[in-house]
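A.B. asks: okay, predicted coordinates and the sequence, questions at the end:
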Amino acid sequence: MIEAELIEKRTAKDYGLFKFKLKEKLKDPDAGQFVMLKSPDEPILAKPFSIYSYKNRKLTLFIKRVGRLTGKVFSSPIGEVFYVRGPYGIPYIKKIDRDKKYILIGGGSGVAPLNFFSELYPELVYKKLYGFKGRYIRELFEEQSSLVIEEESGKTVVDVLREVYSEGLGVLACGPIPMLKTLPPGSYVSLESVMGCGIGTCKSCAVKTKEGIKMVCKDGPLFRKEEIQWEWI
Amino acid sequence: MIEAELIEKRTAKDYGLFKFKLKEKLKDPDAGQFVMLKSPDEPILAKPFSIYSYKNRKLTLFIKRVGRLTGKVFSSPIGEVFYVRGPYGIPYIKKIDRDKKYILIGGGSGVAPLNFFSELYPELVYKKLYGFKGRYIRELFEEQSSLVIEEESGKTVVDVLREVYSEGLGVLACGPIPMLKTLPPGSYVSLESVMGCGIGTCKSCAVKTKEGIKMVCKDGPLFRKEEIQWEWI
Amino acid sequence: MGVDLSVEVLGLKFKNPLVLASGPAGFGFELQQYLDISKVGAITLKTVTLNPREGNAPPRLVDTHGGIINSIGLQNPGIEEFVNIIAPKLKEIRTIKIGSIAGFTIEEWKILGEKMDKIKDIKAIELDLSCPNVEGKKIWAKDEELTQEAIKAVRESTDKPIIAKLAPDVTDIVKVAKKAVNAGADALSLGNTIEAMRINIETGLPVLKLKTGGLSGPSIKPITLARVFRVAEALEIPIIGIGGVMNWQDALEYAMAGASLVGIGTAIMVNPQAPLEILQGIESFLRQKGVEKFEDIIGIAHRGGF
Amino acid sequence: MGVDLSVEVLGLKFKNPLVLASGPAGFGFELQQYLDISKVGAITLKTVTLNPREGNAPPRLVDTHGGIINSIGLQNPGIEEFVNIIAPKLKEIRTIKIGSIAGFTIEEWKILGEKMDKIKDIKAIELDLSCPNVEGKKIWAKDEELTQEAIKAVRESTDKPIIAKLAPDVTDIVKVAKKAVNAGADALSLGNTIEAMRINIETGLPVLKLKTGGLSGPSIKPITLARVFRVAEALEIPIIGIGGVMNWQDALEYAMAGASLVGIGTAIMVNPQAPLEILQGIESFLRQKGVEKFEDIIGIAHRGGF
Ligand SMILES: Cc1cc2nc3c(=O)[nH]c(=O)nc-3n(C[C@H](O)[C@H](O)[C@H](O)COP(=O)(O)OP(=O)(O)OC[C@H]3O[C@@H](n4cnc5c(N)ncnc54)[C@H](O)[C@@H]3O)c2cc1C
Ligand SMILES: Cc1cc2nc3c(=O)[nH]c(=O)nc-3n(C[C@H](O)[C@H](O)[C@H](O)COP(=O)(O)OP(=O)(O)OC[C@H]3O[C@@H](n4cnc5c(N)ncnc54)[C@H](O)[C@@H]3O)c2cc1C
Ligand SMILES: Cc1cc2nc3c(=O)[nH]c(=O)nc-3n(C[C@H](O)[C@H](O)[C@H](O)COP(=O)(O)O)c2cc1C
Ligand SMILES: Cc1cc2nc3c(=O)[nH]c(=O)nc-3n(C[C@H](O)[C@H](O)[C@H](O)COP(=O)(O)O)c2cc1C
Ligand code: FES
Ligand code: FES
């Protein structure tokens, strides 16, 4: 695994941007791909995090604190060493229709891969809708206009989507399952799932599709909304 | 347990002096007593370390790197937070004959409690013999004259003891078992033992004495050499 | 709004569900200097045998990733000294006291039961059927028939509530649990340490003098928790869930899996104050959830959760 | 001075003692992109059943202190697809391949044995008698008689070496091991995951959809190590020690306890390159100790150590 030293951190409550300096470079990371991040001790399992940004061996992750590993990242001082491997997963760009423009819809930490996508493929982005509950999140982002904050407007990203969506536009979404389920047909949805290996061998991250069981890590994380058998998740 | 922030460290190969700033003060720590030190994660067990020095909530430990916890201490950056509890064990001063002067004999990390003893009770110290294998240890100590370094003189502390010992003097020793076994009758020996609780409840640190099983943590760590049934250890 | 942490079980009212598990807390006297024992629901005293025992030669303890392995070997002063010297002082320990005994023969179980029965301060008797750390000794709980016989022997010698402490590392815990209940156990402690070892690669020899010992601590929690869950699913009997409880979340998991009381051993060794932190955590969790009585969450995982 | 890491056992020459345990490494194809599999002694392929299996609904995995609990549920394409599509590609995986099968009935064991027998690239057959993650399915290794019958069935259908993969969480592992050997097993894999669970205290429900799963990783190492030690003490049979091997020290402990080969599962998931680091560590340890052949340290803990 690649040594990853924490060199910058900015947090707002339970969300944070964490920049790591890697000992080796990642191989051609693309938007929608993720890395497996491991703590030097507990938990022993590496966990998946989408690439939020990457340049010159500097990897930025956008992390929501929910449990042990994310808690460890939040409480780590600058200089703490973690380990990463990857990038894994199929880049969004290889799965989507490149002739469309996309509304990027992110909920919470789901914003991470969308940010990288908009950095790499600005020409494919029609609009960004990054949804959060509380206004404290504004501290973390420079680009304030993409933020849809429920506490401020009473609207969720899905509400706003309904207002701006029109036939012909694509939807590229990453966020909680309930949000993904409400999206229009044809949307591309980036799934989360508990992962073990991240590379398709251990069968931990199963999702049931019209064509049978697929692995989120190897066959995804992006799927067309219609492929998924949502009731199984 | 008391939060203990690492505020200073000086190491020479596998030995080091580590100063911690405690959140609360220790209750009347005395020489020969130890604290239980715990890492914030692994290993889960707290481990015993003699007090090397203590003043104003600043606790110094003299540690030899041998395994997981000690390894963690060595690799920790300044600012890392550990936990301590204690002090435990019977102060040397309560067990020894106060009418004597003592040769303090330390082997390796066994030097720690003797240093504290000589700080608190200089009037009871006849001579200090702190034994180490390699000369690199000189970097760690200001008081160079107490050091007996095998690599330099070819002599161990026990060799030097034979030269300076005379009837009427006391011996107060802490170090490896083989060293303790060779000491003159009447010597006071400070034992090490694997510990669980450090307070006498769990029965992990048993030592067999003429009066039956005793617990190093609660009944020791200091014993008269004659009390111990050495073959059991 | 106060949260009611008390648990009524075995005809006793425990002020809260935390029990100091047998062993790590000794008889409570030393621990008392570092923990206000009156704050915990109960203490199960260190196991007592018929004859005094020195315990095993050292090293008796080694740690692992997420756990510790001990081979203390039931060091204790024997039942006579316990009755004559320890028991009269037990009133100093101001919580419910559960006596723990281990016999090597049926006859011994009987005698131990009788002696414990006479001690007024002992409110229940736990049968340590599962200590893996005595050389040459059979582990009673590894044989359903022996389990049954031992319990019957004690059952005949006392009217105090009997708790059978079973081994988690058996093929079918539910089967053993059923036998124990049929034989007259009023409650089950699930479980004890699990046979384990470490080898010192430098010497090529086991680290512990006894070679193997019993694993406790966080490592075993998910294992024992599943045993508690299985037994609670199958039987109507009060369970003391024991194994790897280090924090309030662990304690709640056991309760939700079906344990009425929760034992802590290793956590006491790591930090004698651990029980207080655990109780605080349980209380504020329940308050936040709007649960008024701890008893309401016992076994909730079998009833569809919250 | 080179150190000879090879192990001769089951009539096969393993270039080193590391075996990728069944499951976490799949059939090796995906893993191959991240690990040069030709560097490990062998791979035990993911268990195959008679019929294709989707596996359990998610979540299938949750981590604990020092371990992970999985309830994959033997997701696999079934023996037909294995024979027709997977087997012909197995030559791409350039190490010794051990096939793994799990039957639900004696008849199934037999058929699976026969099918595996015909695959040239499969050099030995492991019987997964101990997967705890299939709802309603009996765990064969929890019953000595069933263990024996399953092994006999496969024994009749193949001349390839048979490895019986036993469950560590049985009352008496030596007893089961003896039965397995008597029934015709040429080697034993000790062991598999141990039934375990976690409860989500927020919902009050088990985290895994299947409720319980199998615990693997560092947590179980001291437990399985003791099982290996006990069996090696009692029987003359090659053992593959499996459970919580994360680093070279762990691997050496298993060898010293009596394992000829050492399996790694969870470590592969954490870090696909782990086997290379482990091999390097073993080699430099042996060199430093002046041990010329890895085989010399197998079981050394039973022979007085170094
Ligand atoms: C009263 C008392 C006072 C003490 N005071 C001091 C003090 O002042 N300074 C000090 O440095 N120490 C002191 N000690 C000793 C100290 O407690 C131990 O060194 C410490 O517990 C080691 O903890 P660890 O986690 O680093 O080692 P562990 O990881 O627990 O290792 C312990 C031992 O096992 C060996 N070991 C580790 N890993 C393996 C493996 N994989 N295979 C085989 N063997 C292995 C190590 O070499 C070591 O000898 C004292 C002990 C006592 C009882
Ligand atoms: C492809 C992919 C990309 C991802 N990208 C990102 C990303 O960019 N940013 C991001 O923040 N996340 C991302 N995730 C999610 C991230 O992987 C998880 O948040 C992470 O694994 C959590 O690890 P943890 O150790 O902190 O949590 P864990 O400790 O494993 O906890 C996991 C869950 O269990 C719950 N839990 C924890 N402890 C308990 C307890 N005692 N009882 C009950 N429940 C408990 C937590 O609330 C949490 O929901 C991604 C996931 C996938 C699959
Ligand atoms: C040092 C030590 C001594 C123990 N002694 C006893 C004992 O005498 N009798 C007994 O029934 N259990 C004994 N146990 C087992 C504990 O009571 C408990 O069942 C086990 O440790 C699992 O719980 P834990 O993980 O909270 O420690 C002992 C455990 C330890 C660690
Ligand atoms: C995700 C996962 C899947 C597994 N699948 C199988 C399997 O299909 N067949 C099998 O015999 N064992 C299976 N196992 C068990 C492992 O082969 C191994 O016995 C166990 O995990 C203990 O080793 P470890 O601690 O190194 O992982 C699986 C384990 C894991 C973690
Ligand atoms: S995480 Fe292992 S297969 Fe997807
Ligand atoms: S360490 Fe527990 S009794 Fe001494």
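C.D. replies: Received, thanks. Ligands and ions are numbered 1, 2, ... in the order given.
A.B. asks: how close does the residue of the stretch 101-250 of chain C found nearest ligand 1 sit to chain B?
C.D. replies: When you check the stretch 101-250 of chain C against ligand 1 by C-beta to the nearest ligand atom, the closest residue turns out to be residue C:200, at 3.7 Å. In short, each C-beta sits where N, CA and C put it, glycine included. Using C-beta to the nearest C-beta, to the nearest Å, one gets 11 Å for the distance from residue C:200 to chain B.
A.B. asks: what number of residues lie near that residue?
C.D. replies: Summarising burial for residue C:200: neighbours were counted as other C-beta atoms under 10 Å in any protein chain shown, giving 17.
A.B. asks: is it bridged to anything, and to what?
C.D. replies: For residue C:200, the beta-bridge assignment (DSSP bridges) gives partners residue C:205.
A.B. asks: and the helix ranked longest in chain A, average pLDDT?
C.D. replies: The helix spanning the most residues in chain A, taking DSSP state H as the definition, is helix A:111-120. Helix A:111-120 shows a mean pLDDT of 97.
A.B. asks: in it, which residues are buried?
C.D. replies: Going by neighbour count (16 or more other C-beta atoms under 10 Å in any protein chain shown), the buried part of helix A:111-120 is A:111-118, A:120.
A.B. asks: same check on stretch A:59-74?
C.D. replies: Buried, per 16+ other C-beta under 10 Å, within stretch A:59-74: A:59-65, A:68-70, A:72-74.
A.B. asks: can the biggest strand by length in chain A be found next to ligand 2?
C.D. replies: Ranked by residue count under DSSP state E, the longest strand found in chain A is strand A:2-12. No - for strand A:2-12 and ligand 2, the contact criterion (C-beta under 6 Å from any ligand atom) is not met; the two come no nearer than 11.9 Å.
A.B. asks: and that strand, how far out from the chain's middle?
C.D. replies: Between the mean C-alpha point of strand A:2-12 and the mean C-alpha point of its chain there is a distance of 17 Å (C-alpha atoms, centre = their mean, to the nearest Å).
A.B. asks: elements contacting it?
C.D. replies: Secondary-structure packing of strand A:2-12 (3 or more C-beta pairs under 8 Å, 6 or more residues apart in numbering or on different chains; DSSP states H and E): strand A:15-22, strand A:81-88.
A.B. asks: nearest approach to ligand 6 belongs to which of these?
C.D. replies: Shortest separation from ligand 6 across the helices and strands packed on strand A:2-12 is recorded for strand A:81-88, at 33.3 Å, computed as C-beta to the nearest ligand atom.
A.B. asks: following element in sequence after the closest one, please.
C.D. replies: Downstream of strand A:81-88, the next assigned helix or strand under DSSP states H and E is helix A:92-95.
A.B. asks: contacts for that following helix next, please.
C.D. replies: If you take C-beta atoms under 8 Å, 6 or more residues apart in numbering or on different chains as the criterion, helix A:92-95 is touched by A:30-32, A:113, A:117, A:120-121, A:172, A:188, A:190, A:222.
A.B. asks: wait, which of the residues you listed is closest to chain C?
C.D. replies: Lowest distance from chain C to the contacts of helix A:92-95 (C-beta to the nearest C-beta) belongs to residue A:190, with 28.7 Å.
A.B. asks: confidence score at the closest one?
C.D. replies: Reading off the model, residue A:190 has pLDDT 98.
A.B. asks: thinking again about what came up before, tabulate the buried residues of stretch A:59-74 (CSV), appending pLDDT.
C.D. replies: What follows is these, written out as CSV (pLDDT from 0 to 100):
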residue, pLDDT
A:59, 98
A:60, 98
A:61, 98
A:62, 98
A:63, 98
A:64, 98
A:65, 97
A:68, 96
A:69, 98
A:70, 98
A:72, 96
A:73, 97
A:74, 97
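A.B. asks: how about the closest residue to ligand 4 within chain A, nearest residue that isn't a chain neighbour?
C.D. replies: Among all residues of chain A, residue A:202 sits closest to ligand 4, at 4.4 Å; criterion: C-beta to the nearest ligand atom. Computed as C-beta to C-beta, 6 or more residues apart in numbering or on different chains, the closest residue to residue A:202 that is not its neighbour in sequence is residue A:196, at 4.0 Å.
A.B. asks: number of nearby residues for the one you found?
C.D. replies: Neighbouring residues of residue A:196 were enumerated by other C-beta under 10 Å; the total is 28.
A.B. asks: tell me the secondary structure for it?
C.D. replies: Three-state secondary structure (criterion: DSSP: H, G, I helix; E, B strand; the rest coil) places residue A:196 in coil.
A.B. asks: re the thing from before, as PDB, could you dump the C-alpha coordinates of the longest helix of chain A?
C.D. replies: In PDB, the C-alpha atoms belonging to helix A:111-120 read as follows (Å, rounded to 0.1, in the frame of the first residue of the first chain):
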ATOM      1  CA  VAL A 111     -20.300  15.200  -3.500                       C
ATOM      2  CA  ALA A 112     -16.700  13.900  -3.600                       C
ATOM      3  CA  PRO A 113     -16.600  12.000  -6.900                       C
ATOM      4  CA  LEU A 114     -18.700  14.700  -8.600                       C
ATOM      5  CA  ASN A 115     -16.200  17.300  -7.700                       C
ATOM      6  CA  PHE A 116     -13.400  15.400  -9.400                       C
ATOM      7  CA  PHE A 117     -15.700  14.800 -12.400                       C
ATOM      8  CA  SER A 118     -16.400  18.500 -12.700                       C
ATOM      9  CA  GLU A 119     -12.600  19.200 -12.500                       C
ATOM     10  CA  LEU A 120     -11.800  16.700 -15.200                       C
END
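A.B. asks: what helix or strand is residue A:106 on?
C.D. replies: Assigned by DSSP H and E, residue A:106 falls in strand A:102-107.
A.B. asks: neighbouring contacts of that strand?
C.D. replies: The contact list for strand A:102-107 (C-beta under 8 Å, 6+ apart) reads A:96, A:112, A:114-115, A:117-118, A:124-131, A:157-158, A:161, A:164-165, A:169-176, A:179, A:183.
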